[in-house]
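Asks: Take this sequence and fold it.
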Amino acid sequence: MTFSTTPPFGDGVLKPGAPLAYHRMAHVTGRHRWWRPPAGTVTVVGMWLLLFMVVYGVAYGVGSAHGYPEDSDEAIDFGPTLNTALDLTYLALAIPVVLLAVRWVGGRPAGTVSSVQGRLRKRRLGRYVLVALPVVAAGMGAMMLVPAGGETAGTSGEVWVGLDRYLPSLAMLMVLVPLQAAAEEYAFRGWLLQAVGGLFRSPWIAVLPQAVLFAAAHGWGTPEGFADLVVFGVLAGWLTVRTGGLEAAIALHAVNNLMSFALAAAFVGGLDSDETAADLPWQLAALDITVIVVFTAVVLWLDRRSARAPGVPDSRSATVGAEAWVGAGAGAGAAAGTEGFPPVPAPPGAAEDAMPR
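Replies: As a prediction, the model looks like this:
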């Protein structure tokens, strides 16, 4: 496994015109300082907690006013569909939080956390989704046939919820699950990977910590489940650096979660389960890791193939050009000749930047 990394310089300063890999995008303006990653991390956590409390408080007030009961955790119980929608919304709040932290604390365009091109590359995202769909579907089909915990997955006597209940749940999931998955990618493969990469040149030093933190954030279930999440974090981080953006990681994460949630929603009590990939037994964890590895291999093959195509510019790294970004001002973009940088608007809340386990 190799990366295309920023060449080291004796003075520790990235020179204008030098190639800049994704994990080093904190240096893209030439204004990076050591304090920005820790200050930004505190900002991300603080802002997310604040937004979480606001949304939670509003939901609690509305639920109380309409007579919904409290559950064992003293939260309002809206029922499985609305409870799941709220949980997904809480996580999705990380998207605007990360974008604002990149812009305000990182001192660079918000889109630089999406990719080296300063935006979410939608064509790449669509291509990677098409890769993820059959790979994840095949993996889940295999999981249904593998004995785990004394019975075959998917054959434990689940009761179909009925079309009238399933369709509203599915519609909700199709809207919110991609945002939830993207939010986790922006937080871990985006902010954390670039925060560490802003301090260390090695991509592995940037990739490994976020993978372990990603697994830890899902809780401790089984050793195999934890390992599965670490593998996902490592390979998703590797793909992010190699492809120059979050698109591959978002595609796999969103497709995997959407299929998992859609399957759970089809059966009575499916959305009430607290289990995640952290709770997988070794048989299912092994299959899930196989899915991740196959997806990674296909994406890398496609990336190499497109990079060899004549007339296709390499979009896996950016160029250090402090004058192009710092001098952008309000509404200006990078110079037309700057490799990999299309015009990027200055406001931190630009719509294309904000919408992207």
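
Asks: Which strands or helices does the longest helix seen in the chain pack on?
Replies: The helix that spans the most residues within the chain, counting by DSSP state H, is helix 36-65. Judged by 3 or more C-beta pairs under 8 Å, 6 or more residues apart in numbering; DSSP states H and E, helix 36-65 is in contact with helix 80-92, helix 94-104, helix 193-197. Quick note: C-beta positions are derived from backbone N, CA and C, even for glycine.

Asks: How confident is the prediction for residue 308, by pLDDT?
Replies: Here the pLDDT value assigned to residue 308 is 65.

Asks: what about residue 108, is that helix, strand or coil?
Replies: The three-state label given to residue 108 by DSSP: H, G, I helix; E, B strand; the rest coil is coil.

Asks: For it, which non-adjacent residue is closest in space?
Replies: residue 29 (4.9 Å; C-beta to C-beta, 6 or more residues apart in numbering).

Asks: do you know how far that neighbour is from residue 112?
Replies: 9 Å (C-beta to C-beta, to the nearest Å).

Asks: Which residue of these two possesses the greater neighbour count?
Replies: Taking neighbours as other C-beta atoms under 10 Å, residue 29 and residue 112 compare with residue 112 leading, 28 against 21.

Asks: distance between stretch 196-203 and the chain's centre?
Replies: 19 Å (C-alpha atoms, centre = their mean, to the nearest Å).

Asks: Go through it and flag the buried ones.
Replies: With burial defined by 16 or more other C-beta atoms under 10 Å, the residues of stretch 196-203 counted as buried are 196-198, 201, 203.

Asks: any idea which of these is closest to residue 212?
Replies: Checking these against residue 212 with C-beta to C-beta, the nearest one is residue 196 at 11.6 Å.

Asks: now the longest helix of the chain and helix 80-92, what's the angle there?
Replies: Angle, helix 36-65 to helix 80-92, by axes from the mean of the first three to the mean of the last three C-alpha atoms, to 10 degrees: 160 degrees.

Asks: Quick check: nearest residue in space to residue 176, chain neighbours excluded?
Replies: residue 88 is the one closest to residue 176 (C-beta to C-beta, 6+ apart), at 4.0 Å.

Asks: For residue 299, see how far away residue 259 is.
Replies: On the measure of C-beta to C-beta, residue 259 and residue 299 end up 18 Å apart.
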